[in-house]
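J.: Test case, fold it:
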Amino acid sequence: TWLSMNGIYTFSKDEDDLTTSGGGSFTATFEHGKKTLGLFFMAEHYSKGFQLDTGFYQRTGISRFVGYIGPQFYPKDSKKSLVKQFNPFVYGQVIRDNRTKEFDYLLFPSLRFFFSRQGNFRVDYRFISEFWAGQHFKQNELYMSGSSQFAKWLSGNISLRYGKRLLYDEEDPMTGNRLRLQLNARIQPGEKLHQDLGYTHESFTAGDGETVYDLDILFSRTTFQINKYLFFRALIQYDAYSKVVLTDLLGSFTLIPGTVIYAGYGSLHQKQYWNGIDGEWDVGHSMGKYYQHTRSFFFKASYNYRF
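T.: Residues are numbered from 1 along each chain as shown. So this is what the prediction gives:
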């Protein structure tokens, strides 16, 4: 069990008009973790004038509260039981935008199961209220995910999201049914070679049944560690929505940590069709062929000298 608090106050000066501004951030965190119960609560505040260019934060002028309550249950005989651990929990957060005085909410109950072979399965149902472009949007979403180490050389995971979600368009925001499916697998026949494969499908359908977008992305990454000094990586990604194929090849030689040579080559191929009537190339057309659109060569060397 631990409690922590921290705060930062910053002063900034605009380089153009030399005006000065200041603001602060404050965070308080409480965490309690035992074998049978997990608790986490956090409160944070970012004032409107807070600015820290070297830090990572998404918004200013907000106050946020986060809470998590999750008991954990274990079978009496873990060797015979299929489920090794059961973790139902509730997570929620409230954000107040201090500029608009409006609130965003997120609340979801969840069930999480742990199995042998590093297997797990999780299902949530999420309730969301969001203020965007001057309007309040009520949303909900079903989320499911699972992963496992199927064999010594094969592991994989899957996730599914489906529900009423917001399309972030500043001029015409709308809610509709969004579906997102992700499949990933890692094949590792040996210590030196592993192959990552991925597939993503996402679609958004407006309330009137019109399909706003429907995309598929295929991903492949091959890594070959020849020895402790030299490795190669090849990456291919296909975007069916934009009709784009991205390829990337990288080699690295590490003499000692900090003394490294990198060399790489990348290219972008896009499906294009020559429109003889308008006298221009059309992209994303069902006709046409894939042409190399962009290519680049990358080289970097670093040397670490200690004294």
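J.: Nearest the middle, which residue of this structure would you pick?
T.: Closest residue to the average C-alpha location of the chain: residue 182 at 11.7 Å, with C-alpha atoms, centre = their mean.
J.: quick one: strands adjacent to the strand or helix carrying that one?
T.: In this assignment (DSSP states H and E), residue 182 forms part of strand 174-187. In the sheet, strand 174-187 lines up against strand 154-167 (antiparallel), strand 193-206 (antiparallel) (DSSP bridges).
J.: With mean neighbour count and distance to residue 221 added, can I get those strands in a markdown table?
T.: (Each C-beta comes from the backbone N, C-alpha and C, glycine too.) What follows is the strands paired with strand 174-187, written out as a markdown table (neighbours: other C-beta atoms under 10 Å; distance: least, C-beta to C-beta, whole Å):
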| stretch | mean neighbour count | distance to residue 221 |
| --- | --- | --- |
| strand 154-167 | 17 | 14 |
| strand 193-206 | 16 | 4 |
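J.: Could you dump those into JSON lines with mean pLDDT and distance to residue 60 added?
T.: Listed next are those as JSON lines, based on pLDDT from 0 to 100; distance: least, C-beta to C-beta, whole Å:
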{"stretch": "strand 154-167", "mean pLDDT": "96", "distance to residue 60": "22"}
{"stretch": "strand 193-206", "mean pLDDT": "95", "distance to residue 60": "29"}
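J.: Redo the ones you listed as a markdown table? Include distance to residue 89.
T.: Shown next, in a markdown table, are these (distance: least, C-beta to C-beta, whole Å):
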| stretch | distance to residue 89 |
| --- | --- |
| strand 154-167 | 18 |
| strand 193-206 | 27 |
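J.: which stretch among the ones you listed comes nearest residue 271?
T.: With C-beta to C-beta as the criterion, residue 271 lies closest to strand 193-206 of these, at 19.0 Å.
J.: Skip ahead from the closest one and say which helix or strand is next.
T.: strand 211-225.
J.: Measure how far that next one is from the centre of its chain, please.
T.: Remark: strand 211-225 is offset 14 Å from the chain centroid, using C-alpha atoms, centre = their mean, to the nearest Å.
J.: What lies in contact with it?
T.: Strand 211-225 has contacts (C-beta atoms under 8 Å, 6 or more residues apart in numbering) with 167, 176, 191-206, 231-242.
J.: Could you do stretch 190-203 as well?
T.: 178-188, 211, 213-226.
J.: again, only using 6 Å
T.: 179-188, 214-225 (C-beta atoms under 6 Å, 6 or more residues apart in numbering).
J.: And the pLDDT at residue 279?
T.: Listed pLDDT for residue 279 reads 67.
J.: Then the one 10 residues further on?
T.: Among the per-residue scores, residue 289 holds a pLDDT of 81.
J.: hmm, back to that, wait, what's in contact with the residue nearest to the centre of the chain?
T.: 159, 200.
J.: go with 10 Å
T.: For residue 182, the contact set (C-beta atoms under 10 Å, 6 or more residues apart in numbering) comprises 145, 157, 158, 159, 160, 161, 198, 199, 200, 201, 202, 217.
J.: and if you look at residue 125?
T.: Residue 125 makes contacts with 107, 108, 109, 110, 111, 140, 141, 142, 143, 144, 163, as judged by C-beta under 10 Å, 6+ apart.
J.: buried sites along whichever strand or helix holds it?
T.: Residue 125 belongs to strand 120-132 when assigned by DSSP H and E. Neighbour-count burial for strand 120-132 flags 120, 121, 122, 124, 126, 128, 129, 130, 131 (criterion: 16 or more other C-beta atoms under 10 Å).
J.: which among the residues you listed gets closest to residue 249?
T.: residue 120 (34.3 Å).
J.: beta partners for the residue nearest to that closest one when sequence neighbours are not counted?
T.: The spatial neighbour of residue 120 that comes closest, neighbours along the chain excluded (C-beta to C-beta, 6 or more residues apart in numbering), is residue 114 at 5.1 Å. Counting by DSSP bridges, residue 114 forms beta bridges with residue 85, residue 120.
J.: Next: residue 219.
T.: Residue 219 has the following beta-bridge partners by DSSP bridges: residue 198, residue 237.
J.: Next one: it from residue 146, what distance?
T.: For residue 219, the distance to residue 146 equals 19 Å [C-beta to C-beta, to the nearest Å].
J.: again with residue 52
T.: Distance from residue 52 to residue 146, by C-beta to C-beta: 38 Å.
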